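Engineer: I would like the atomic coordinates for the input below:
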Amino acid sequence: MKKASVCFCFLYFFLLCPLFSRLYVVTTTTDLASIAKEVGRDLVEVESLTFGNTDLHFVPAQPNFIVKVNKADVFIEVGLELESSWTSLVLNQARNNKVMVGQIGYCVAWQGVNVLLPPQQEINRSMGDLHPQGNPHYWPDPVNGIIISRNIRDTYIRVDPKNEKKYQQYQEEFEKKVKEVLFENLKLLKPFAGTRVVGYHQEFDYLINRYKMVVVDNIEEKPGVLPGPARLKAMKDIILRNGVKLILVSPWTNIALARKVSQDSGVPLLILPIQTKSAENTETYLDMLRTTAQMLYEALSKKEK
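Structural biologist: Residues are numbered from 1 along each chain as shown. Just a heads-up that it's a prediction; the model follows:
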């Protein structure tokens, strides 16, 4: 009788186990992974294909990417062709129909974002790494983080409708946290509204616009193309003529060239970690939002002194 009871319990657990299995979510970036975890919590297992300190334009499609995407219930990418050089290959090789573009497990993270800088002319290779659909570096703006979370929620509900109420609850709680951080950051940076800055690459536009500052220009004359001596010389005049207060560069782009422009112009350089897990105090997406705002505040406060 005891043996029969044990066998029954084992069978009962085995049959119910799939009901408690979590969605396996694969993202292209640590920012998306952090948001995806917030929206799914105990209902998901989330893994990013890249590390925080990664230039997302240049990622080799690795065999382990294909293995992970093959097992995924949900696949999330930044989109706007930021990762197109490698994700299309990974998706095709993974042969997982449910996470292919247009299927229920594929998340269009940027849907609803007010996309900046859509090119107004025909694009060709001579123009550098321009994205036909517009600037894909939208996640450093907290408002866009909320939009991303809603898109992820909707994808989870499509794939796992029985847990709709939980996904809705988790997303609403995350959205509340982001709004609190946004309010804090807006208050912190309000004194610097209208401040003019220069970036190295077109990856700070959304962040700077949100805090009512202005990106005058970027050191890269053509996105993704190394600026030559003439461009570096011209940047000094652009910076001084426009009253630029700060030069921004990310940890994964060309810090050396940005530092040269800083030295030539006398304008401070700030290495700003706008990706989750790319530097100290950026362990989560919310941490990254707080840290980038605090770093901007400290750099601009020093400049005023």
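
Engineer: show me the shaky parts of this structure.
Structural biologist: Regions of the chain meeting the criterion pLDDT under 70 cover residues 1-20, 118-132, 303-305.

Engineer: Three-state assignment for His57, please.
Structural biologist: Following DSSP: H, G, I helix; E, B strand; the rest coil, we place His57 in the coil state.

Engineer: what's the neighbour count on it?
Structural biologist: Neighbourhood size, His57 [other Cβ atoms under 10 Å]: 20. No exception for glycine: its C-beta is placed from N, CA and C like everyone else's.

Engineer: find the nearest non-adjacent residue to Leu82, please.
Structural biologist: Pro136 (3.7 Å; Cβ to Cβ, 6 or more residues apart in numbering).

Engineer: and the longest helix for the protein?
Structural biologist: Secondary structure assigned by DSSP state H gives helix 164-189 as the longest helix of the chain.

Engineer: quick one: distance of that helix to the chain centre.
Structural biologist: Relative to the centre of its chain, helix 164-189 is centred 16 Å away, using Cα atoms, centre = their mean, to the nearest Å.

Engineer: I'd assumed Ile147 was in contact with Ile35.
Structural biologist: No. At 10.2 Å, Ile35 does not count as touching Ile147 under the criterion of Cβ atoms under 8 Å.

Engineer: neighbour count winner among these two?
Structural biologist: Using other Cβ under 10 Å as the criterion, Ile35 and Ile147 rank with Ile35 on top: 30 against 20.

Engineer: outside of the helix or strand hosting the more buried one, which residues touch it?
Structural biologist: Using DSSP states H and E, Ile35 falls within helix 30-40. With Cβ atoms under 8 Å, 6 or more residues apart in numbering as the test, helix 30-40 has contacts from 22-23, 25, 27, 44, 46-48, 50-52, 74, 76-78, 109, 139, 145, 148-149, 152-153, 156, 167, 170-171, 174, 177, 275-278, 284-286, 288.

Engineer: each with direction, which strands does the following helix or strand past it pair with?
Structural biologist: Per DSSP H and E, the first helix or strand lying C-terminal to helix 30-40 is strand 44-48. Strand 44-48 sits in its sheet next to strand 23-27 (parallel), going by DSSP bridges.

Engineer: give me the buried positions along the strand it pairs with.
Structural biologist: By 16 or more other Cβ atoms under 10 Å, the buried positions in strand 23-27 come out as 23-27.

Engineer: can you pull the domain assignment for this protein?
Structural biologist: Using automatic domain parsing, the domain ranges for the chain come out as 20-113+128-183, 184-304.

Engineer: what segments of this protein are strands?
Structural biologist: With strands called from DSSP state E, the chain shows them at 23-27, 44-48, 74-77, 106-108, 196-199, 214-218, 246-249, 269-271.

Engineer: need the winner for burial among the ones you listed.
Structural biologist: strand 74-77 (a mean of 26; mean count of other Cβ atoms under 10 Å).

Engineer: follow-up on the earlier one: quick one, the longest helix of the chain and strand 23-27 angle?
Structural biologist: Between helix 164-189 and strand 23-27, the angle comes out at 30 degrees (axes from the mean of the first three to the mean of the last three Cα atoms, to 10 degrees).

Engineer: quick one: Ser262 and Ile247 touch, right?
Structural biologist: Yes. Counting by Cβ under 8 Å, Ser262 touches Ile247, with 5.1 Å between them.

Engineer: what touches both of these two?
Structural biologist: Shared contacts of Ser262 and Ile247 (Cβ under 8 Å, 6+ apart): 268-269.

Engineer: ok so, going back, which one of the buried residues of strand 23-27 is nearest to Ile208?
Structural biologist: Closest approach to Ile208 among the buried residues of strand 23-27 (Cβ to Cβ): Thr27, at 24.9 Å.

Engineer: my read: that closest one touches Ser48, true?
Structural biologist: Yes. If you go by Cβ under 8 Å, Thr27 and Ser48 touch, sitting 5.0 Å apart.

Engineer: stretch 63-71: which residues count as buried?
Structural biologist: So stretch 63-71, judged by 16+ other Cβ under 10 Å, has buried residues 65-66, 68-69.

Engineer: quick one, what contacts Trp202?
Structural biologist: Small correction: residue 202 is Gln, not Trp. Counting by Cβ under 8 Å, 6+ apart, Gln202 touches 117, 135, 137, 218, 220, 223.

Engineer: tell me where the stretch 151-300 of the chain has helices.
Structural biologist: All helices of the stretch 151-300 of the chain, identified by DSSP state H, counting those that start in this stretch, fall at 164-189, 205-210, 229-241, 255-265, 285-304.
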